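Undergrad: okay, sequence plus prediction incoming.
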Amino acid sequence: MNLMVVVAIDPKVNAKKAILAEYSSGRNKEDAINKTLEKINVKLPENAKIVDVEVKTYTTPVTRRTYAVGVVVYNVFERGKPIREYTLKERRRLIAMVLEAFDYNPRVLNISEVARMFGVSRDSIYYDIEQILRESLGRNGRKKA
């Protein structure tokens, strides 16, 4: 079983949210997928930040034609308005909230993704987690797993 948690770290980010969907037929699945992705890439705004992508294929039973359908969810940030930067204290508070919800198990975090979201190195996130766990141990008087 897979569990995915999405944390909206700043709902006030000044971005236009959008969904783009395209489809294409092809000689086979790979060809249909490539054609669909080419169509999406042409229409995707230059300053888009992709949130999620899903591409599925199907083959019609009678004609045996293969189709690919692609859906992209993305944000477009206004030029000249930077994405909010978080202080060390704010970043640790947000990470601590997620860790607390999962009984302080750091394995629930995708360290690379968290580092990318905050614009810091993976080492910084590892250090943040270490400090959060130390603080948790001090407050609770027992070791968290």
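TA: Ah, there it is.
Undergrad: quick check: longest helix in the protein by residues?
TA: Longest helix in the chain, counting residues (DSSP state H): helix 122-140.
Undergrad: which elements pack onto that helix?
TA: Using 3 or more C-beta pairs under 8 Å, 6 or more residues apart in numbering; DSSP states H and E as the contact test, the elements touching helix 122-140 are helix 88-101, helix 111-118. C-betas here are computed from N, CA, C, even on glycine.
Undergrad: of those helices, which is nearest Val76?
TA: Among the helices and strands packed on helix 122-140, helix 111-118 comes nearest to Val76, with 17.4 Å by C-beta to C-beta.
Undergrad: what angle do that closest one and helix 88-101 make?
TA: 140 degrees (axes from the mean of the first three to the mean of the last three C-alpha atoms, to 10 degrees).
Undergrad: hang on, the earlier thing: the helices and strands packed on helix 122-140 into TSV, with extra columns for distance to Glu54?
TA: As requested, these are arranged in TSV below (distance: least, C-beta to C-beta, whole Å):
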stretch	distance to Glu54
helix 88-101	24
helix 111-118	18
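Undergrad: of the ones you listed, which is nearest Arg134?
TA: Closest among the helices and strands packed on helix 122-140, using C-beta to C-beta: helix 88-101, at 11.3 Å.
Undergrad: can you give me the buried ones in that closest one?
TA: Across helix 88-101, burial judged by 16 or more other C-beta atoms under 10 Å covers Arg91, Arg92, Leu94, Ile95, Ala96, Val98, Leu99.
Undergrad: list the buried residues for the longest helix of the chain?
TA: Ser124, Ile125, Asp128, Ile129, Ile132, Leu133, Ser136.
Undergrad: farthest-separated two in those?
TA: Ser124 and Ser136, at 18.6 Å, using C-beta to C-beta across the buried residues of helix 122-140.
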